[in-house]
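Engineer: below are the sequence and a predicted model; questions follow.
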Amino acid sequence: MKREGLRGLRQQRLKKLEEIKKRGVDPYPARTKRTHTAAQVLDLLEEWRESEPPQGEEGPDESVALCGRIMGVRIMGRASFAHIADGTGRVQIYVTQDTLGEEGYHLFRKDLDIGDFIGVEGKPFFTQTGEPTVSVSWLALLAKSLRPLPEKWHGLKDVETRYRQRYLDLIANEEVRRIFLTRSHIISAMRRFLDGQGFIEVETPILQPIYGGAAARPFETYHQALHRKLYLRIADELYLKRLIIGGFERVYEIGKDFRNEGLSTLHNPEFTQLEAYQAYADYEDMMRLAEETFAYAAQEVLGTTKITYQGNEIDLTPPWQRVTMRQAILQETGIDIEEVDSFSALKEAIAEKGLEVTPKETWGKLVEELFKEYVEPTLIQPTFVLDYPKEISPLAKEKPGDPHFVERFEFFIGGLECGNAFTELNDPLEQRKRFTAEKRALESGEEAAHPMDEDFIQALEYGMPPTGGIGWGVDRMVMLFCDQSSIREVILFPQLRGKEP
């Protein structure tokens, strides 16, 4: 609808608002009464119908009070039908001048619009066509809508408007409501599973003096009273491991992390992540934890461990496939990264194979880029990819007998990178060496390198038991479960580029 048309409709509604006020009606009352939701009214009628009701009666002898937004109206002279919707669904109402009186019916017919919130009271019944309906004996305006809703029959299709005005998206598109209800149920299911495994949920700082736990550029802020720069966290890891050191043996956190990086269908600068850490465990235990949590959540929320994502049938039933990074790269490119174990040798092997890879400055990063380009898109069924280069994994424990690699895995579903896990490095002297190397990279201009964290090293020096840790993106998990290709479809209010004037 053009802006001029919207302005005209708003003016019409403002005039109605003034007329309502002149008649002494409060268009925005503070409270109302409600005894039933729309879903409860429908259940009440269904139960009545199944109870062998007396011949000739149209509904139960019971009055209900419900509230909702007007979604459609059919005016029929001295009688009218409308549909109102609440958070549980919608139900038809039947309004007559004989029942409401002239003033009440005038309010309904002349002053109310689609989008207004109303409260009604009356008896539920079935119409001659069998539609569940409430015969209204009392009606009140609860909130006047000054702007028209999106077109009823076409819904809200404009992507820009859907994301910027998510409230309209939720009103107009039932599928969008379903996605965000599913998201809530997924998070609740994960909590139930982890709590049942003896984990405790904790909260760690979002504002941090030193960011860490991942390779990412942070958002910066400034605390006036403390006169110091702070960062929005990029991961929860280093604080959660402090809790392992302090004696909490199984901890997890579901919360927001922030990375000052680009926007894409897979990346939002503010995202939700689950991280879990378990004492006396390793990355094998974290594999079991991941596959069991995903399978449990799918069964609880969807009623099955089989999902469809972007046309692919995916089975989340454990155990998932396991493959080393070396095996995966060798299979897809013909390059054995253990044989070409220097930067120059790997670069030459890539050139000989005629492969196109974004240039990188170290052997480990070049391995990672080769993997992302040629392996990741092929990982449709749930797959753990094990044993990453040490120089791109500063927080993971070295693989015994293999100094190039660490006990780290990432897992992939539907071609998406979903999570990351380690057997955690708990040697404070080795951790200092790793951080020192990262600090040099940071000072040379690599913005995503890990900073030195003396406080964390000090904590490690008090002793951290063998520990497994894992983190995965909740947003991407929801994308998989709801078959959505864009992360913006599963975040209620995604970050967007500024609107042009």
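Structural biologist: It's in.

Engineer: where does pLDDT dip in this protein?
Structural biologist: The chain contains residues with pLDDT under 70 at 1-5, 152-155, 500-501.

Engineer: one more time with 90, if that's ok
Structural biologist: With pLDDT under 90 as the threshold, the chain has low-confidence stretches at 1-8, 52-58, 76-78, 149-161, 172, 262, 361, 403, 444-448, 497-501.

Engineer: longest helix anywhere in the protein?
Structural biologist: helix 174-196 (DSSP state H).

Engineer: who does that helix touch, helix- and strand-wise?
Structural biologist: helix 166-172, strand 200-201, strand 250-258, helix 283-302, helix 474-482 (3 or more Cβ pairs under 8 Å, 6 or more residues apart in numbering; DSSP states H and E). Quick note: C-beta positions are derived from backbone N, CA and C, even for glycine.

Engineer: quick one: buried residues of the fourth one?
Structural biologist: Taking 16 or more other Cβ atoms under 10 Å as the basis for neighbour counts, the residues of helix 283-302 that come out buried are 283-287, 289-291, 293-298, 301-302.

Engineer: can you give me the helices in the stretch 101-250 of the chain?
Structural biologist: With DSSP state H, counting those that start in this stretch as the criterion, the stretch 101-250 of the chain has helices at 159-164, 166-172, 174-196, 237-245.

Engineer: residues touching the third one, excluding its own?
Structural biologist: Spelled out, that is helix 174-196. Residues lying outside helix 174-196 but in contact with it, judged by Cβ atoms under 8 Å, 6 or more residues apart in numbering, are 162, 169-170, 201, 252, 254, 274, 276, 292-293, 296-297, 300-302, 474, 477-478, 481-482, 484, 489-490, 492.

Engineer: buried residues, that helix. List them.
Structural biologist: In terms of neighbour count (16+ other Cβ under 10 Å), helix 174-196 has its buried residues at 176, 179-180, 182-183, 185-187, 189-191, 193-194.

Engineer: repeat that for the first one.
Structural biologist: Of the residues in helix 159-164, those buried by neighbour count under the rule 16+ other Cβ under 10 Å are 162, 163.

Engineer: and what of stretch 475-491?
Structural biologist: Along stretch 475-491, these residues count as buried under the neighbour rule (16+ other Cβ under 10 Å): 475-482, 484, 487-491.

Engineer: closest to residue 62 among those?
Structural biologist: For residue 62, the nearest member of these is residue 482. The distance, counting by Cβ to Cβ, is 37.9 Å.

Engineer: that closest one and residue 308: what is the separation?
Structural biologist: The spacing between residue 482 and residue 308, counted by Cβ to Cβ, to the nearest Å, is 10 Å.

Engineer: is the residue lying closest to residue 284 once chain neighbours are set aside within a helix or a strand, and which one?
Structural biologist: In space, residue 284 comes closest to residue 468 once its chain neighbours are excluded; the distance is 7.8 Å by Cβ to Cβ, 6 or more residues apart in numbering. Element membership for residue 468, per DSSP states H and E: strand 467-473.

Engineer: partners of that strand in the sheet?
Structural biologist: For strand 467-473, sheet partners with direction are given as strand 270-279 (antiparallel), strand 416-423 (antiparallel), following DSSP bridges.

Engineer: and the angle from it to helix 237-245?
Structural biologist: Interaxial angle of strand 467-473 relative to helix 237-245 (axes from the mean of the first three to the mean of the last three Cα atoms, to 10 degrees): 140 degrees.

Engineer: strand 467-473 versus helix 174-196: what angle between them?
Structural biologist: 170 degrees.

Engineer: report the distance from strand 467-473 to the chain centre.
Structural biologist: From the chain centre to the centre of strand 467-473 is a distance of 18 Å (Cα atoms, centre = their mean, to the nearest Å).

Engineer: how about that strand as CSV, C-alpha atoms only?
Structural biologist: What follows is strand 467-473, C-alpha atoms only, in CSV (Å, rounded to 0.1, in the frame of the first residue of the first chain):
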residue,chain,number,x,y,z
THR,A,467,38.0,-31.3,30.5
GLY,A,468,35.9,-31.4,27.4
GLY,A,469,34.2,-28.3,26.1
ILE,A,470,31.8,-27.6,23.3
GLY,A,471,29.8,-24.7,21.8
TRP,A,472,27.2,-24.6,19.1
GLY,A,473,25.1,-21.9,17.4
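
Engineer: also compute the angle for it relative to helix 283-302, please.
Structural biologist: Strand 467-473 and helix 283-302 are oriented at 40 degrees to each other (the same axes, to 10 degrees).

Engineer: which residues are in contact with strand 467-473?
Structural biologist: Defining contact as Cβ under 8 Å, 6+ apart, one finds that strand 467-473 is touched by 235-237, 240-241, 244, 271-286, 289-290, 411, 418-424, 426.
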